[in-house]
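> Quick one: sequence plus predicted model below, questions after.
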Amino acid sequence: MGWNVDIYEARPDLRLPISKAAAQQRSINLAISSRGITALQAIDPAATARFLQTVIPMSGRMIHDILGNQHSQQYDKDGQCINSIDRALLNEGLLEEASAIPNIRLFFNHKVLSVDFDNRTMIIRDTNSESEVRAAFHLCIGADGSYSIVRRQLMRVVRMNFQQEYIPHEYIELKMPAGCNEHGQPVFLLDPSHLHIWPRHSFMLIALPNKDKSFTCTLFAPTVEFDRLIGRQAILSWFRTYFPDALLLLGEDKLVNDFAKNPRSPLISIKARPYHYKDRCVLLGDAAHSMVPFYGQGLNCGLEDVRVLRALLVQEGVAPCSPLTHLGEQELTDTRLFNALFKYTETRHEDLVAICELAMDNYIEMRHSVTTPIYLFKKALDNLLYTLTSSKDSLALVTRSLATVPFPSPNPAGWLPLYTMVTFRPDISYATARKKAEKQSTILSFAGRLGTVVLGATALYVTFHTVHWLRGR
């Protein structure tokens, strides 16, 4: 039958019209890729199939230069895609799935105030009635976001290492409306099979397609740059200078209105350890590892947290059971659950630090490096070596075990581009991907230096013999 689950959410039900209107103001579109899809499939294949009906596959980046020229960069040599999915549609779908399960109860407008982990109780305020209730629990899962109350309460009982960093950049969401064809039907104004990027060195604009033929656009820029964009004239002049082709598609009036209506939002990165306390609590998602959105792994990593935790629970033999009979006694411990949560912290931390740092690094790549010749050369060489050494057969075998084994490929063979490992290989952990990429980068650097030496020696040899020949004449 499964566990009895109570979900407490401080905000109203996001399926309500008033909640949908608020959510549209500050929601970066989500990109779900193999890691997130695999995690969903491990929990509920049927629900995953329903979610995938709402996505738009994107096979690569479309780079827009300042002159309006477009250049496609494929994500993968085999045509694998990431998928644009509307945040609200996914969240509503997950809520609908949860609502349909008899032993799950949803409580909206219920804000957690405090948690007593040793006595397994929490105090919750019903913001509608302004009353407070005490709720008992066996296991508390803190999945309450970057500003997690559960994490703050956990800090009171464990020696948590915690790091929070606001980068000096912000974002604002814009909307590119659908166009119309000759029959009056909505059409995409840009190629919907790409994630569109306008890289401008210290800032960038991105656009992801939606099912209604519109694009959700997000402008990322330094705070000092946003501070200059005050008033209609300043905004339009800036866009005419840096994004002239995008301005034509966004529309001047619509752009100015979005700047006035939609908030500027901060970008935060959070690292913490440990993620658990005894057999009483575990942190998942942004509560444990908020990251900047530049690798498109925030959603995927959060869903993977669930898959990894589930695999560890299975390995330790933790199964749904009736509640323990003496809740509140500090000495009462579920040993198997304790071991599973301990392993989660010990094995997951390195991965989460790795992806948080990779996401930060990828901002530089997206807003600047993608336009440089050295990046394009390295990407071409990466794909060449990948083509020569990759094997699809072995990947098909290991992915079957992902429901019960967190990462079945600790030592992946062959040459693998970092983006491929992070985005399309859920059998490889983030930490393993980063370590392998660093080794490959060292090999490329050595080969580059060796090539330079050989080229220099060859040039010197040719020059010497040419001079000798000329003197002989």
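Perfect, I can see it now.

> Only C-alpha atoms from now on, for both contacts and neighbour counts.
Will do.

> Can you give the distance of stretch 196-214 from its chain's centre?
16 Å (Cα atoms, centre = their mean, to the nearest Å).

> swap that for stretch 301-315, please
Its chain's C-alpha centre and that of stretch 301-315 lie 16 Å apart, by Cα atoms, centre = their mean.

> got the contact list for the residue lying closest to Arg11 once chain neighbours are set aside?
Counting by Cα to Cα, 6 or more residues apart in numbering, Asn109 is the residue found nearest to Arg11 once chain neighbours are left out, at 5.0 Å. Applying Cα atoms under 8 Å, 6 or more residues apart in numbering, we find Asn109 in contact with Tyr8, Glu9, Ala10, Arg11, Pro12, Asp13, Asp126, Thr127, Asn128.

> Which one of these is nearest to Leu299?
Each of the contacts of Asn109 was scored against Leu299 by Cα to Cα, and Glu9 proved nearest at 18.5 Å.

> So what touches the longest strand belonging to the chain?
If you go by DSSP state E, the chain has its longest strand at strand 161-176. With contact meaning Cα under 8 Å, 6+ apart, strand 161-176 is reached by 25-28, 214-223, 226, 249-251, 254-255, 258-259, 262-274.

> Tell me the strands beside that strand, with direction?
Sheet pairing of strand 161-176 (DSSP bridges) gives strand 215-222 (antiparallel), strand 265-273 (antiparallel).

> Would you indicate which residues of the first one are buried?
Taking 16 or more other Cα atoms under 10 Å as the neighbour-count basis, strand 215-222 is seen to contain the buried residues Phe215, Thr216, Cys217, Thr218, Leu219, Phe220, Ala221.

> And those residues, which two are furthest apart?
Top of the distance list for those (Cα to Cα): Phe215 and Ala221, 19.1 Å.

> Skip the chain neighbours and tell me the closest residue to Gly298.
Met291 (6.5 Å).

> For the nearest residue to Pro426 once chain neighbours are set aside, which residues are in contact?
Excluding the flanking residues, the one nearest Pro426 by Cα to Cα, 6+ apart is Arg35, at 4.8 Å. By Cα under 8 Å, 6+ apart, Arg35 lies in contact with Asn300, Cys301, Leu303, Glu304, Thr423, Phe424, Arg425, Pro426.

> Low-confidence ranges, the stretch 201-350 of the chain, go.
Along the stretch 201-350 of the chain, the parts satisfying pLDDT under 70 run over 321-331.

> Swap in 90 and give it another go.
Low-confidence regions of the stretch 201-350 of the chain, defined by pLDDT under 90, span residues 319-333.

> Please enumerate the helices of it.
All helices of the stretch 201-350 of the chain, identified by DSSP state H, counting those that start in this stretch, fall at 223-228, 232-242, 244-250, 252-261, 286-289, 298-315, 335-367.

> need the ones you listed in TSV with distance to Pro192 and mean neighbour count, can you?
As requested, the helices of the stretch 201-350 of the chain are exported to TSV (distance: least, Cα to Cα, whole Å; neighbours: other Cα atoms under 10 Å):
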stretch	distance to Pro192	mean neighbour count
helix 223-228	28	13
helix 232-242	22	15
helix 244-250	14	18
helix 252-261	21	15
helix 286-289	29	26
helix 298-315	21	21
helix 335-367	19	19
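
> and those as TSV, adding distance to Leu208?
TSV is the format used below for the helices of the stretch 201-350 of the chain (distance: least, Cα to Cα, whole Å):
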stretch	distance to Leu208
helix 223-228	22
helix 232-242	19
helix 244-250	13
helix 252-261	16
helix 286-289	22
helix 298-315	15
helix 335-367	14
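
> what about these, which gets the closest to Pro209?
helix 244-250 (13.4 Å).

> Mind listing what's buried along the longest strand of the chain?
So, applying 16+ other Cα under 10 Å, buried residues of strand 161-176: His169, Glu170, Tyr171, Ile172, Glu173, Leu174, Lys175, Met176.

> List the beta-bridge partners for the first one.
The reference is to His169. According to DSSP bridges, beta-bridge pairing links His169 with Pro222.

> Would you mind measuring from it to Leu219?
10 Å (Cα to Cα, to the nearest Å).

> And for Ser129?
39 Å.

> ditto for Ala380
Ala380 is 28 Å from Leu219, where distance means Cα to Cα.

> rewinding a little: now render the contacts of Arg35 as CSV, adding distance to Thr333.
Shown next, in CSV, are these (distance: Cα to Cα, whole Å):
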residue, distance to Thr333
Asn300, 32
Cys301, 29
Leu303, 27
Glu304, 27
Thr423, 38
Phe424, 39
Arg425, 36
Pro426, 33
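
> Among these, which one sits closest to Pro45?
Nearest to Pro45 among those, counting by Cα to Cα, is Leu303 at 13.8 Å.

> how close does that closest one get to Tyr171?
Per Cα to Cα, Leu303 is found 24 Å from Tyr171.

> now swap in Lys435 and tell me
Computed as Cα to Cα, the Lys435 to Tyr171 distance reads 31 Å.

> Can you give me the separation between Asp351 and Val308?
11 Å.

> again but with Asp227, I slipped
42 Å.

> Also Trp3?
For Trp3, the distance to Val308 (Cα to Cα) stands at 18 Å.

> Please name every helix or strand in contact with whichever strand or helix holds Asn91.
Assessed by DSSP states H and E, Asn91 sits inside helix 87-99. For helix 87-99, the packing partners by 3 or more Cα pairs under 8 Å, 6 or more residues apart in numbering; DSSP states H and E come out as helix 45-52, strand 104-108.

> and the ones you listed as a markdown table, adding mean pLDDT, mean neighbour count and distance to Glu92?
Converted to a markdown table, the helices and strands packed on helix 87-99 look like this (pLDDT from 0 to 100; neighbours: other Cα atoms under 10 Å; distance: least, Cα to Cα, whole Å):
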| stretch | mean pLDDT | mean neighbour count | distance to Glu92 |
| --- | --- | --- | --- |
| helix 45-52 | 93 | 14 | 10 |
| strand 104-108 | 97 | 15 | 13 |
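
> can you redo those as JSON lines with distance to Asp86?
Output for the helices and strands packed on helix 87-99, formatted as JSON lines (distance: least, Cα to Cα, whole Å):
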{"stretch": "helix 45-52", "distance to Asp86": "10"}
{"stretch": "strand 104-108", "distance to Asp86": "22"}
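
> closest to Val314 out of those?
Taking Cα to Cα, helix 45-52 is the member of those nearest to Val314, at 17.9 Å.

> I'd like to know which elements the closest one is packed against.
Using 3+ Cα pairs under 8 Å, 6+ apart: helix 45-52 touches helix 34-43, helix 87-99.

> Could you pull up the mean pLDDT of the longest one?
Put plainly, it is helix 87-99. Helix 87-99 shows a mean pLDDT of 92.

> okay, stretch 212-230 in PDB with CA atoms only?
Extracted in PDB, the C-alpha atoms of stretch 212-230 (Å, rounded to 0.1, in the frame of the first residue of the first chain):
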ATOM      1  CA  ASP A 212       1.200  27.500 -27.500                       C
ATOM      2  CA  LYS A 213       3.900  28.500 -30.100                       C
ATOM      3  CA  SER A 214       5.200  31.300 -27.900                       C
ATOM      4  CA  PHE A 215       8.700  31.400 -26.400                       C
ATOM      5  CA  THR A 216       9.600  32.000 -22.800                       C
ATOM      6  CA  CYS A 217      12.600  34.300 -22.800                       C
ATOM      7  CA  THR A 218      15.000  35.000 -19.900                       C
ATOM      8  CA  LEU A 219      17.500  37.900 -19.800                       C
ATOM      9  CA  PHE A 220      20.500  37.200 -17.500                       C
ATOM     10  CA  ALA A 221      22.700  40.200 -16.800                       C
ATOM     11  CA  PRO A 222      24.900  41.800 -14.100                       C
ATOM     12  CA  THR A 223      22.900  43.800 -11.500                       C
ATOM     13  CA  VAL A 224      24.700  47.000 -12.500                       C
ATOM     14  CA  GLU A 225      23.500  46.500 -16.100                       C
ATOM     15  CA  PHE A 226      19.900  46.100 -15.000                       C
ATOM     16  CA  ASP A 227      20.200  49.200 -12.900                       C
ATOM     17  CA  ARG A 228      20.800  51.200 -16.100                       C
ATOM     18  CA  LEU A 229      17.600  49.900 -17.700                       C
ATOM     19  CA  ILE A 230      15.200  52.400 -16.200                       C
END
